[in-house]
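>>> Provide a 3D model corresponding to the input given below.
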Amino acid sequence: MRTKSLIVALALGCLWLIQGLERRCFAKPQAAEISFPDQIRPGNVFVDPEPVEIRAAVGTGTTVEWSVTDYKDQKIASGATNVSERQVTIAPGVNGRGFYLLHLTAKASGKVTGEAVTSYTVLRPADVSKMPDSKFGVMTHFAQGMPTDVIPLIAKAGIANVRDEHYWNALEKVPGKFDFTADKDRFTRYMAALAEAHVTPLAVMSFANPLYDHGDTPFTPEGDAAYANYCASVLAHYGSQIHAVEIWNEYNGSFCKGAALKDRPRFYTQMLKAAYTRIKAEHPDVTVVGGALVKIPMPYIEKLFKQGALDSMDAIAVHPYQATPEGVEREVGDLLELMKTFNHGQTKPIWVTETGSFTDRSVSRAENASYLVRMYTLLLTQPQVARIYWYLLRDYREFKTMGLLHADDDPMGRYTPTMAYTAYANLIDRLDKASFVRRENTDSRTRVYQFEKGGQSVWVCWSTFKETRLALAAGAPIQQIDMVGGEKSLAPEAGRIFVDVGEQPIYLVADKGVVTQMSEVARADRIIADSVDDFAGKSGTGNWSYYWYESNGDGSAPYVPANVQPMNFEPTRGDWDDCWRGPGEYLDLSQAGTNPAARGGKQLWTVRRWTSDTSGPIHLLCHVSRSDPHGDGVTVKVFVDGKPLRSEPFLPTESRDIDLSFDVSKGAQVDFAVTPGPKTDSLYDGTGFRATLLTALK
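Numbering: from 1, shown residues only. Okay, the predicted model is just below:
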């Protein structure tokens, strides 16, 4: 399959899951001489004040040397433990709240016989039975056979909600008759396990049934009525356990086929109306979540609303998959305004039923943890966002880096935590039932969001560009909490507290009124242009223009900037969004990504052009992100007035920054080109791209 941009590729990652693509494993290889078959606590998830003990099986060796690293990859403890009966139990003595990696080296007669690493976490206690209105959830795949022994780890993290499915074609194999013992009773078994753990399910009503409409997505009144009957039957079977249902999944993405493709907004609205009418007649208290949207595709949503879909939903479901979380709050704001237009000035709740990231392939997954905290914080600034589900609970099939937990067969141990799991638990602990107050007035690269909870002020802080410093006027000590729950006290000196803030979010907590002022110490530079923040559908806005360019077969021909051709701003296939498009099906350029192409043996590049309105030195930082393991990679080129400044290839899963300094004159044209790589293979070339241009403060 071919991606159109990194954002689309990221969204499609989750769309492909049920289609059974080839399983891919990105887990770090480990020697079989050390393994973790017998966990003292499932998943190595400990709850404060439980003592930490990790058990390992050792094939060969008499001693195991070990060390513990924290979430910043700093060694904080080490030791050696003797092996007894091919087994060792490590008590590292590091029991404080947080996320840790335990590194093991087995030795015999001074020689290394095996190495391994596992993770563990220490959390604050959580009781989901006392969190009936929690906004926090996670996507699972119990309907596909995922083992249910992982459910206690959902509750331990304070995650009160899960999202899963009851497949229509599995339940109704004879018209009008529903068998909930089908497929080895997997549906009722996982629902019973969720009930026992006090975790609330959101039931996704999916997908087509071969008994109706030729097995395609419902498109006739008979098919819609049958779908509505399926929804009502599921609710009748489970009674009060299901409080909400989601009508289909990603209808504007991959999960629509047949005649409904001709007019998705119309056929979805027809099906939604039939289901809503039936559900409300028999189960008026059940929340019906409509929309079934991947991303937040405004052109498509407007078509839905024009069909009357908003009248047949209690809440709308969106899946904001994007390269970086920043900006999602603007998209949500646009959606709210559109709702007001079609709903007499009123909005309806927004349910983010999927969001996540699979770009982080490190052992600890610190990038995914940071992404999670930033995405959730931005969504929580919008009071209308009523529920947020992370995708995914645990690594699964080809999505080996999307889980909060590792897989059941991972070499690090069954369901061992990633840093994202700990970060999520800590975020829930800090922000459950918190009310958003404001974003503090800072440089645009600095994000500081204030919440209030239980008589305290809580600030979530991070920087999208290098480290910065905050200055607080405070009359008493405050608490600084890192991303995974570690705490330290900060005492004022002469009434001031200074806090360094980087790309990993931190929390600042103080009793209300203790902090009387918060400001940012001035940075040494300022942003004069940013390709994401300045993106627009009108060429020339913010001095940015959008083009495509035809080169030779390997991209080696001299670049001629005068030969660029303008792109058109138009809807993508399937109405995912509006973006800049060139000739061919996949040549496009979106706010946070792009997809080059090829035609007739020649490369087709995408080109963003910034025309300088200043003269002098420029510091350029380009962040390029690639996440799809397929294809042969891309090349990113930077030109100033046609002069090549940098040309860098990026492998399929490679992400890094391009850091340049150069001089420009007023009116200079800085072109950012993305090519299909070494040849004309443009398969899987979706690339995340952000160019930030800075200059020193004057």
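>>> quick one: low-confidence parts of the stretch 401-550 of the chain?
Applying pLDDT under 70 to the stretch 401-550 of the chain picks out no residues at all.
>>> what segments of it are strands?
435-439, 446-453, 456-463, 468-474, 478-481, 487-490, 496-501, 506-511, 515-520, 525-530, 544-550 (DSSP state E, counting those that start in this stretch).
>>> same thing with the stretch 201-350 of the chain?
Secondary structure of the stretch 201-350 of the chain (DSSP E, counting those that start in this stretch): strands at 244-247, 287-290, 315-318, 350-355.
>>> buried stuff in the first one?
Burial within strand 244-247, assessed by neighbour count using 16 or more other CB atoms under 10 Å, is assigned to Ala244, Val245, Glu246, Ile247. Glycine gets a C-beta too; all of them are placed from N, C-alpha and C.
>>> quick one: strands adjacent to it?
strand 200-205 (parallel), strand 287-290 (parallel) (DSSP bridges).
>>> quick check: the gap between Thr416 and Asp38.
With the distance defined as CB to CB, to the nearest Å, Thr416 ends up 13 Å from Asp38.
>>> neighbour count for these two, which is higher?
Thr416 (28 against 12; other CB atoms under 10 Å).
>>> for that one, list the residues it contacts.
Contacts for Thr416 were tallied using CB atoms under 8 Å, 6 or more residues apart in numbering; they are Phe36, Gly43, Asn44, Thr118, Ser119, Tyr120, Leu405, His406, Asp410.
>>> Val532: which of the buried residues of strand 244-247 is nearest?
Nearest to Val532 among those, counting by CB to CB, is Glu246 at 29.9 Å.
>>> beta partners for that closest one?
Taking DSSP bridges as the rule, Glu246 bridges to Val204, Val289.
>>> that one contacts Cys231, doesn't it?
No. Glu246 is not in contact with Cys231 according to CB atoms under 8 Å; the separation is 10.2 Å.
>>> overlap in contacts of those two?
Met205.
>>> helix or strand for Gly79, just tell me which one.
strand 75-82 (DSSP states H and E).
>>> before we move on, what about Thr118?
Thr118 belongs to strand 111-123, assigned by DSSP H and E.
>>> for the next helix or strand after that strand, which helices and strands make contact with it?
Next in sequence after strand 111-123, counting helices and strands by DSSP H and E, comes strand 136-139. Applying 3 or more CB pairs under 8 Å, 6 or more residues apart in numbering; DSSP states H and E, one finds that strand 136-139 contacts strand 161-165, strand 385-390, helix 419-431.
>>> what is the neighbour count of Tyr251?
By other CB under 10 Å, the residues close to Tyr251 number 28.
>>> for Ser233, same thing?
If you count neighbours by other CB under 10 Å, Ser233 ends up with 19.
>>> could you check how far it is from Glu115?
53 Å.
>>> same question for Pro561.
Pro561 is 53 Å from Glu115, by CB to CB.
>>> how about Lys130?
Lys130 sits 43 Å away from Glu115, going by CB to CB.
>>> for these two, indicate the residue with more neighbours.
More crowded of Lys130 and Glu115, by other CB under 10 Å: Glu115, with 15 against 9.
>>> may I have the beta-bridge partners of the more buried one?
Counting by DSSP bridges, the residues bridging with Glu115 are Thr105.
>>> just checking, it touches Ile34?
Yes. Counting by CB under 8 Å, Glu115 does reach Ile34; the two are 6.8 Å apart.
>>> quick check: neighbours shared by the two?
Common neighbours of Glu115 and Ile34 (CB under 8 Å, 6+ apart) are Leu104, Ala106.
>>> which secondary element of this structure has the worst mean pLDDT?
helix 6-15 (a mean of 38; mean pLDDT, DSSP states H and E).
>>> okay, now Leu651: neighbour count?
Leu651: 13 surrounding residues under other CB under 10 Å.
>>> can you tell me how far it sits from Gln322?
From Leu651 over to Gln322 (counting by CB to CB), the distance is 22 Å.
>>> same question, Leu683
Taken as CB to CB, the span from Leu683 to Gln322 is 22 Å.
>>> now the strands of the stretch 201-350 of the chain in TSV, with mean pLDDT and distance to Tyr421?
Shown next, in TSV, are the strands of the stretch 201-350 of the chain (pLDDT from 0 to 100; distance: least, CB to CB, whole Å):
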stretch	mean pLDDT	distance to Tyr421
strand 244-247	98	24
strand 287-290	98	25
strand 315-318	98	24
strand 350-355	98	15
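>>> can I get the ones you listed in JSON lines with distance to His344?
Shown next, in JSON lines, are those (distance: least, CB to CB, whole Å):
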{"stretch": "strand 244-247", "distance to His344": "23"}
{"stretch": "strand 287-290", "distance to His344": "18"}
{"stretch": "strand 315-318", "distance to His344": "16"}
{"stretch": "strand 350-355", "distance to His344": "18"}
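>>> which non-adjacent residue is nearest Thr341?
With sequence-adjacent residues excluded and distances taken as CB to CB, 6 or more residues apart in numbering, Thr341 is closest to Phe305, at 7.8 Å.
>>> residues in contact with the closest residue to Trp576 other than its chain neighbours?
Nearest non-adjacent residue to Trp576, counting by CB to CB, 6+ apart: Pro297, 4.9 Å away. Going by CB under 8 Å, 6+ apart, Pro297 touches Asn252, Asp575, Trp576, Asp577.
>>> other SSEs contacting the helix or strand that Leu102 is a member of?
Using DSSP H and E, Leu102 maps to strand 98-108. On a contact count with 3+ CB pairs under 8 Å, 6+ apart, strand 98-108 meets strand 54-58, strand 63-69, strand 111-123, helix 419-431.
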